[in-house]
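Peer 1: everything below, folded, please.
(4 chains)
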Number of protein chains: 4
Amino acid sequence: MRRRRVCVVVTARPSYARIRSALRAIAAHDGLELQLLVAASALLSRYGDTLDVMRADGFEPAARVYMVVEGETPLTSAKTTGLGMVELATQFDNLQPDVVVTIADRYETLATAAAASYMNLPVAHVQGGEVTGSIDEKVRHAVTKLSNLHFVSTELSRERVIRMGEEPDTVHVTGCPSIDLAADVARAGAEGFDPFARYGGVGPAFDRAGGYLVVLQHPVTTEHEEARAQVEETLAAVHASGLPAFWFWPNVDAGSDGTSKGIRIFRERHPECRIHFYRNMAPDDFVRLALGSRCVVGNSSFGIRESALLGLPVVNIGSRQQGRERAANVADVAHDRAAIGAAIARQAAVGRYPGDPLYGRGDAGERIAALLATAPLQVEKRLAY
Amino acid sequence: MRRRRVCVVVTARPSYARIRSALRAIAAHDGLELQLLVAASALLSRYGDTLDVMRADGFEPAARVYMVVEGETPLTSAKTTGLGMVELATQFDNLQPDVVVTIADRYETLATAAAASYMNLPVAHVQGGEVTGSIDEKVRHAVTKLSNLHFVSTELSRERVIRMGEEPDTVHVTGCPSIDLAADVARAGAEGFDPFARYGGVGPAFDRAGGYLVVLQHPVTTEHEEARAQVEETLAAVHASGLPAFWFWPNVDAGSDGTSKGIRIFRERHPECRIHFYRNMAPDDFVRLALGSRCVVGNSSFGIRESALLGLPVVNIGSRQQGRERAANVADVAHDRAAIGAAIARQAAVGRYPGDPLYGRGDAGERIAALLATAPLQVEKRLAY
Amino acid sequence: MRRRRVCVVVTARPSYARIRSALRAIAAHDGLELQLLVAASALLSRYGDTLDVMRADGFEPAARVYMVVEGETPLTSAKTTGLGMVELATQFDNLQPDVVVTIADRYETLATAAAASYMNLPVAHVQGGEVTGSIDEKVRHAVTKLSNLHFVSTELSRERVIRMGEEPDTVHVTGCPSIDLAADVARAGAEGFDPFARYGGVGPAFDRAGGYLVVLQHPVTTEHEEARAQVEETLAAVHASGLPAFWFWPNVDAGSDGTSKGIRIFRERHPECRIHFYRNMAPDDFVRLALGSRCVVGNSSFGIRESALLGLPVVNIGSRQQGRERAANVADVAHDRAAIGAAIARQAAVGRYPGDPLYGRGDAGERIAALLATAPLQVEKRLAY
Amino acid sequence: MRRRRVCVVVTARPSYARIRSALRAIAAHDGLELQLLVAASALLSRYGDTLDVMRADGFEPAARVYMVVEGETPLTSAKTTGLGMVELATQFDNLQPDVVVTIADRYETLATAAAASYMNLPVAHVQGGEVTGSIDEKVRHAVTKLSNLHFVSTELSRERVIRMGEEPDTVHVTGCPSIDLAADVARAGAEGFDPFARYGGVGPAFDRAGGYLVVLQHPVTTEHEEARAQVEETLAAVHASGLPAFWFWPNVDAGSDGTSKGIRIFRERHPECRIHFYRNMAPDDFVRLALGSRCVVGNSSFGIRESALLGLPVVNIGSRQQGRERAANVADVAHDRAAIGAAIARQAAVGRYPGDPLYGRGDAGERIAALLATAPLQVEKRLAY
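Peer 2: Numbers count the residues shown, from 1 in each chain, chains lettered A, B, ... in the order given. Next up, the predicted model:
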């Protein structure tokens, strides 16, 4: 029997981290042929040369699509989505996949799902049914309605996807594949990892023995004009915490110019600050870095998802992760330097929380590959009520 | 107080018929400013010069967007959607509307809703919550998830939209604005309307006194390769019915080349056939034509929606209207010339059914305009469960 | 040594006829690998399913690009060119050709040349240096300035390309490859070819023994609003000539809707007219048809180029071929039914003119392939003065 | 008489500097209406927020078009050009200009000229006929062939444009409008201008009394992979010169990521270096800065054009300005730190050269406006031989 061709569209650094274990499992599966389509900011060096990371991991793209319309405004997000649809359609026509996999809630996720749907290709969606409250949530649920197979992270997400009218047989709780990597790294331990030796980055080196913070803060699409003011609160709080920090540049998105500008100006004004900046890091090294930290700060999904199973103390800032299920390890605060500072102090004193399998146990990639190999593939669907 | 700017995107002949009464009511409303954006097949002469019809009705577009990538395959549908997103985004940036109105379930409907969503514009969707079972249904529900205001046709549709997780306060049963026109025309009566005198068309004239059929058959996206075979069954049945017929060319969509080819070849082979072909007709004249007919044949939504209130006998063919609520006036048959012929014979003998307000009472346009003027407009939303 | 990869972009029915012998010679050449990219109207059934013809000739495309934005106005021509550039760039990135071949003066020709130029790929242009006076001429010379190798049809064209500043070493008089096919067919003879039996077409059959006309009339881009009036003059003259005719539908271009409409309405008004209409014909059969005719009428380049070597009497109408070199077989007339009618009468009485090798002797394809295999390929160039 | 609508498309920081005096003269002319279309990198903050500069100068855009496809590779240059054509066509359709003005030799210049040509709009080209030898030269001459009016900078350029086949009546030596601004500033003098006080920038302040350099180095499209190595040579030479320097970030183009990376890493490794970096500066302030310098270094056209009339010593590096006419003030060197260093030393000792009106006398803007108001506007053209 012919192997099923599975086209996975990876469009950003965090999406790759999220799907890597599934890519591995698909590539290794006898019944599947992986067609890796790398697009959008995953091809751009200012967002971390994700393609290089992927190649170092042994993945070679079947096609590449440059599709980011520069500007990082809501207008250019819309145009990027449109240009992506035009080009992804041509690629799907060339690749003739049996099923297209799309990830989470980015605008390219919608471009992927819509292009595939119009071409009568079955769509499998990873991470449906989660609630976040921004434009991302609109997109996530729209993608659910365009999709035929749903690989969700939690039981609650499954319930939501079914309530939206999807057939229960098509909705599978696989856990989130981003957890798989974290689980692997945690099992192996992070001893001997030296981020300064391994990665360049910008800013001073410091002694990690006294503890450190890891910070990721992305702009929120619907608050993109406040991106700079928001990052300035976090910068002030981290600077005042007395702990040194590793800080990561934001994703490409409406507002990321503001976030970047805030960081640049802070650096110029505070050359004494013990913050070391990275554009990117191999996903497993990032987990190693986080495992060695006292606390993860910002608004990244890592704080909500991977950190649950790892038991890491987290200070989650602002609205970006609003509405997501969370375990006991997360402290939520507003964009306020005093509140952020107090939460960092409390969480940095905790040590570790017990691990919680809320978002998966570390076998999501394997489960997704197995389902892609065996689940019925069909395009037609109908509201289940 | 500044009037709310309402941008309505009209992309096809049937969409215009569907929204015209709402356009009138928006243009006439003191609190609203209509921004009419005409795009896609509504600009193309081979789909009936819809823009000319709109201008004759007194509507002038604020912008025009050519966006149809020629080919009428699933691939070009996807590309058209993408190109539409790129261009509509630029237009929304110029027009700066307060709310964007998108209609039904076409691919341009999704392009409109997605472009507006990414630009943080509130989206109002007309005709959500209906069930049809093809790619159109995927799109319709995806648009629901991108939209902030829902103007649905039936109580059952409202219930479905709410079950998909929309806030009940944002879901309004307005009835379908396409019914408004039909109700107006039915009230006024169709006496004196002569389709031959008023419209050119192609094919022989005939005596309408003995009764006639009206036929509309569109290709089904997911069955686009069978479009020609399907139309041939209908042609054979209509030809054999003994009744003359008025026949309308199909919408632009995957498969319409096949439908057109089937019609062209039939015409060449049966020059004696009493079928008169039209590309298009003013919507009110179409209602007049249908009111004078013995039976409406094909798979158009007119047979399901307007015909309910009008009580017209309908022979509905194939899967295109599957899953839609219908009144007692509809007889469903497969793409089979014998079955179609038998159903035509039965329905042509009925006369008229009692009118059923299933899809509205004729005041949907007014209700939509009133809601657009007063409903809270917001972009943010969250699954209601 | 690795074979040179030659990417030939074919975008229209007449371009294919023009380049076929070169495609054959490239495919057969030991030092070359043919990458055939089929795009634009060559993929569309309403312009004759050129791809099917190509496949029947043994050519399989390396990639297909749907890129025609529907509308056939100057606006959509510009948008088609732009969309083509976007998509062709992605294809060149996939195919990694050593040289890109672009043909004549269509808008897709410019899209091809510009995309390749920006990607630092050498461009070879077929049919540079000819003078026609419309937008086509602007484009043709702009393509010359973007190109690195020039395969021109005539000595005068070579002189013009050099005067425009191109290095003489890069400008080669190969003759026009469209002549190759005509020369082959003329050698073999057209006996036994029955256009009615071989091709469907629309309109009455007639006796060819008394002689017949062959008509091709395309809209002129800069006169696109007059397309319908212009074709009506020709229709009237042909109808009045007393000779039956074979008539071909126009290319996709601004104005072709007008031309088509003119033809459709004439057909309806004159059902008695002895004109048989074709959408398309295999290029060799077209030559056979022309060889059997009394006169070729219209504004096609066939009348100027192939007809020179074949010695066919030609009535060339209007400005479309203005400025092109022509042999003694061509009579030029304006868009005036009387003038057209008189010229048809004179030319139909001639029989045959002596053949003139003005546009080539029938070996252009072989010469082009040989040059592509051996000519230095470079991107950089500089005005030769 | 209706004023002629002149649509000027400005797509980059240097293009704006180049055309500003013409914009002023067009806006002030009684017979003209300025339609300013701002697009591409002129809208992007990482290339200097050109739109803000324009607004500060009193210009408000009639339309904005985001069109840069991110990536800065030859592939994305091609895609940007294509996307630009699609969108500019729609804008021209909205604005209905009488003539479109396009500037120099950028890829957006070709997009502008091609879109306008296909829409049957007359095209006026500023800076045709110059010789540079890279992809820019291909584009410049292709734009000449698409254009109907030519406003050239030098007598030699005029001769070249005519030799390329343009009608002599349509080719006007106006001088280069970029010279106008420089002439104005030189007349007024640069006293009292303090770049540190007026502009932020990055890097140390220094005493300007001992003299300083001004450096602009852009990547060369056809050498884009060497961009980083090339800028490192210049950085080393400037650092070793003993003179402090003001350094400007590069244009958006294939290779600018490499140039930027080279600069960033140099800054990190040489925190002691007396180089102050700017993203941008108002064009008149840039002239003031250059007037106060000992020498202008790099490969900007400023060194060739404006500097001629100003008599500034220039060290011109590499191939970017190859083939351009130059006055006695320019010393040409290769990408070699020793050669660059020696040339800086020699030129910094000169003081000032006599001014040379090679590229104009400072009245180009006025002359261009006058010609746009009075020259015959036509689309049709034909090779003049």
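
Peer 1: can you list the domains in chain A?
Peer 2: Structurally, chain A divides into domains by automatic domain parsing as follows: A:4-175+A:362-374, A:189-348.

Peer 1: which of the ones you listed sits most buried?
Peer 2: The highest mean neighbour count among the domains of chain A, using mean count of other CB atoms under 10 Å in any protein chain shown, belongs to domain A:4-175+A:362-374: a mean of 23. For glycine as for every other residue, the C-beta is placed from the backbone atoms N, C-alpha and C.

Peer 1: can you tell me if stretch A:255-268 touches chain D.
Peer 2: Yes - counting by CB under 8 Å from any CB of the partner chain, chain D has neighbours in stretch A:255-268: A:Asp257, A:Glu268.

Peer 1: name the residues that touch that stretch?
Peer 2: Stretch A:255-268 has contacts (CB atoms under 8 Å, 6 or more residues apart in numbering or on different chains) with A:72, A:202-203, A:217-221, A:223-232, A:235, A:239, A:247, A:249-250, A:273, A:275, A:277, D:45-46, D:202.

Peer 1: next step: the residues you listed restricted to strands.
Peer 2: A:Trp247, A:Ile275, A:Phe277 (DSSP state E).

Peer 1: contacting residues for the last one?
Peer 2: By CB under 8 Å, 6+ apart, A:Phe277 lies in contact with A:Gly201, A:Val202, A:Gly203, A:Phe246, A:Trp247, A:Phe248, A:Trp249, A:Ile263, A:Arg267.

Peer 1: repeat that with 6 Å
Peer 2: Residues in contact with A:Phe277 (CB atoms under 6 Å, 6 or more residues apart in numbering or on different chains) are A:Gly201, A:Val202, A:Gly203, A:Trp247.

Peer 1: need these in CSV with distance to chain D and pLDDT, can you?
Peer 2: Output for the contacts of A:Phe277, formatted as CSV (distance: CB to the nearest CB, whole Å; pLDDT from 0 to 100):
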residue, distance to chain D, pLDDT
A:Gly201, 10, 88
A:Val202, 7, 87
A:Gly203, 10, 88
A:Trp247, 16, 96
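
Peer 1: and of the residues you listed, the nearest to D:Met67?
Peer 2: Nearest to D:Met67 among the contacts of A:Phe277, counting by CB to CB, is A:Val202 at 31.2 Å.

Peer 1: that closest one bridge partners, please.
Peer 2: Going by DSSP bridges, A:Val202 is paired in beta bridges with A:Phe277.

Peer 1: quick check: closest non-adjacent residue to A:His29.
Peer 2: Spatial nearest neighbour of A:His29, excluding adjacent residues (CB to CB, 6 or more residues apart in numbering or on different chains): A:Ala369 at 4.7 Å.

Peer 1: quick one: pLDDT of that neighbour?
Peer 2: Note on A:Ala369: pLDDT of 98.

Peer 1: check A:Met1 too.
Peer 2: For A:Met1, the model assigns a pLDDT of 69.

Peer 1: can you check the one 10 residues further on too?
Peer 2: A:Thr11 is assigned a predicted lDDT (pLDDT) of 93.

Peer 1: wait, it touches A:Leu43, no?
Peer 2: No - using CB atoms under 6 Å, A:Thr11 makes no contact with A:Leu43, being 8.9 Å away.

Peer 1: tell me which parts of the stretch 151-300 of chain A are close to chain B?
Peer 2: A:Arg163, A:Met164, A:Gly165 (CB under 6 Å from any CB of the partner chain).

Peer 1: I'd like the residues you listed as TSV, with distance to chain D, secondary structure and pLDDT appended.
Peer 2: What follows is those, written out as TSV (distance: CB to the nearest CB, whole Å; DSSP: H, G, I helix; E, B strand; the rest coil; pLDDT from 0 to 100):
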residue	distance to chain D	secondary structure	pLDDT
A:Arg163	38	helix	97
A:Met164	34	coil	97
A:Gly165	36	coil	96
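
Peer 1: out of the residues you listed, flag the one nearest to A:Arg346.
Peer 2: Closest to A:Arg346, out of all of these and judged by CB to CB, is A:Arg163, at 36.4 Å.

Peer 1: mind listing what the closest one touches?
Peer 2: B:Tyr385.

Peer 1: which residue ranges form the strands in the stretch 251-385 of chain A?
Peer 2: Per DSSP state E, counting those that start in this stretch, the stretch 251-385 of chain A carries strands over the ranges A:275-278, A:295-298, A:314-317, A:330-333.

Peer 1: just send those back as CSV, with mean pLDDT too.
Peer 2: Listed next are the strands of the stretch 251-385 of chain A as CSV, based on pLDDT from 0 to 100:
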stretch, mean pLDDT
strand A:275-278, 94
strand A:295-298, 98
strand A:314-317, 98
strand A:330-333, 97
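
Peer 1: quick one, which of the ones you listed is nearest to C:Thr50?
Peer 2: strand A:275-278 (53.0 Å).

Peer 1: name the SS class of A:Val9, please.
Peer 2: Look at A:Val9: counting by DSSP: H, G, I helix; E, B strand; the rest coil, its state is strand.

Peer 1: circling back to that earlier point, which of the contacts of stretch A:255-268 fall in helices?
Peer 2: Of the contacts of stretch A:255-268, the ones assigned to helices by DSSP state H are A:Ala227, A:Arg228, A:Ala229, A:Gln230, A:Val231, A:Glu232, A:Leu235, A:His239.

Peer 1: now do the contacts for the fifth one.
Peer 2: With contacts defined as CB under 6 Å, 6+ apart, A:Val231 is in contact with A:Gln217, A:Thr259, A:Gly262.

Peer 1: which residues sit against the longest helix seen in chain A?
Peer 2: In chain A, assigned by DSSP H, the helix with the most residues is helix A:74-95. With CB under 6 Å, 6+ apart as the test, helix A:74-95 has contacts from A:7, A:35, A:63, A:65, A:67-69, A:107-108, A:111-112, A:114-115, A:119, A:254, B:75, B:78-79, B:81-83, B:85-86, B:89, B:93, B:115, B:118-120, D:66.
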